[in-house]
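In: give me coordinates for this.
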Amino acid sequence: MATGYETPVTREDVRDRYAAAALKVLDQAGCCGGGGDGCCGPAEDEGLYSADERAELPRAAVEASLGCGNPLMVADLHEGETVLDLGSGGGIDVLLSARRVGPSGKAYGLDMTDEMLELARRNAAEAGATNVEFLRGHIEDIPLPPASVDVVISNCVINLSTDKPAVFASTFAVLKPGGRLGVSDVVADDSLTPRERAERGNWVGCIAGALSFTEYEQGLTAAGFVDVEITPTHEAAEGMHSAIVRARKPH
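Out: Got it, this is the predicted structure:
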C-alpha cells in the first residue's frame, strides 16, 4: 500500500535546489530560480511577513526565504527561551526569533546546505545578532543535546524530509519537558494518494512530499507528542494546504 512516507527524490535533490537558491542571493541575482514552483517563494512576495518584520532584517534574509508560512505567528516565543529552526535557510526566522527571546535567550538554525549557512551567517553578522548560532546537520538527526530547546519552529521544511518519523523523533528528543512545536508546513487532504500529491507539484517545490492530515497527526503522536493541532491556513494546490502545526512534549 502506498503511504505518505514514500521518497520519490533524494536528500541531494533537495540540497541542490536550495543551494542554488542561496547562491543566487549571494550573487545578488534574485532568488528561488524565478520562483513559482509549488508553494514556496520569497517572503515579501507571499505576504508571509509584515512590513515591520521585514524591516528588521537584512534584505538577503528576506530574499532567501522559501517558506509557506510564518511560524513565529504561532510559536509564542518568550524572553529567555531557546528556540530551534529546522531548515533555517537564509536565517529569516532565526533572526526574528532572536529578537523575541532577547539577549538572555538563544536562537539556533539548522540547515544541511553549506551555501544557505554561509548566507545565514552573513545575514546574522549584518543584523548584529549575537544570540544566534547556525548549525550544519540534518533535521532527522538534530546535533543538539537532549532536552535543550524550549521551542522548535520550521517553515515548510519537514515535508521535504525523506524520513519524517525520524524528524519527529529527533525533535521530540531535543525539546525540554513541556517544550513546544510550532511549525508551518504543507499538509494534504486525507483523500489524496501519494501519486495524486506528486501530480500537484514537484517534491522540492514543497508539495509532493507532504503528509496527509491523519499521517501528520499520527506521526507526531507516535513520537510522543500530545495536544497535536493541525490548522490549514490557505490552499497551496488542490487538496494541498499550508498549515499551522502545533504540539507539545509532556512534562
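In: how deep is A222 tucked in, by neighbour count?
Out: Neighbourhood size, A222 [other CB atoms under 10 Å]: 12. Every residue, glycine included, has its C-beta placed from N, CA and C.
In: what sits against it?
Out: P165, F168 (CB atoms under 8 Å, 6 or more residues apart in numbering).
In: pull out the buried residues from whichever strand or helix holds it.
Out: Applying DSSP states H and E as the criterion places A222 in helix 213-223. Residues F213, E215, Y216, E217, Q218, G219, L220, A223 are the ones in helix 213-223 that count as buried (16 or more other CB atoms under 10 Å).
In: could I get the average pLDDT for that helix?
Out: Mean pLDDT, helix 213-223: 98.
In: and if you look at stretch 168-188?
Out: pLDDT averaged over stretch 168-188 gives 96.
In: that one: which residues count as buried?
Out: 168-176, 179-188.
In: now, the residues you listed that are in helices?
Out: Among the buried residues of stretch 168-188, DSSP state H puts F168, A169, S170, T171, F172, A173, V174 in helices.
In: hang on, the second one packs against G219?
Out: No. With contacts counted by CB atoms under 8 Å, A169 stays clear of G219, the gap being 9.4 Å.
In: which residue ranges form the helices in the chain?
Out: 11-26, 43-46, 51-55, 59-63, 72-75, 92-101, 114-127, 164-174, 194-199, 213-223.
In: can you flag the weakest of these by average pLDDT?
Out: helix 43-46 (a mean of 44).
In: tell me what angle the helix holding A222 forms with helix 164-174.
Out: 40 degrees (axes from the mean of the first three to the mean of the last three CA atoms, to 10 degrees).
In: tabulate the CA atom coordinates of helix 213-223 in CSV.
Out: C-alpha atoms of helix 213-223 as CSV (Å, rounded to 0.1, in the frame of the first residue of the first chain):
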residue,chain,number,x,y,z
PHE,A,213,-3.6,15.4,8.0
THR,A,214,-4.0,12.0,9.6
GLU,A,215,-0.5,10.8,8.8
TYR,A,216,1.0,14.0,10.3
GLU,A,217,-1.0,13.7,13.5
GLN,A,218,-0.3,10.0,13.8
GLY,A,219,3.5,10.6,13.2
LEU,A,220,3.7,13.3,15.9
THR,A,221,1.7,11.1,18.4
ALA,A,222,3.9,8.1,17.7
ALA,A,223,6.9,10.2,18.6
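In: residues contacting D111?
Out: G87, S88, G89, L117, A120, F134, L135, R136, G137.
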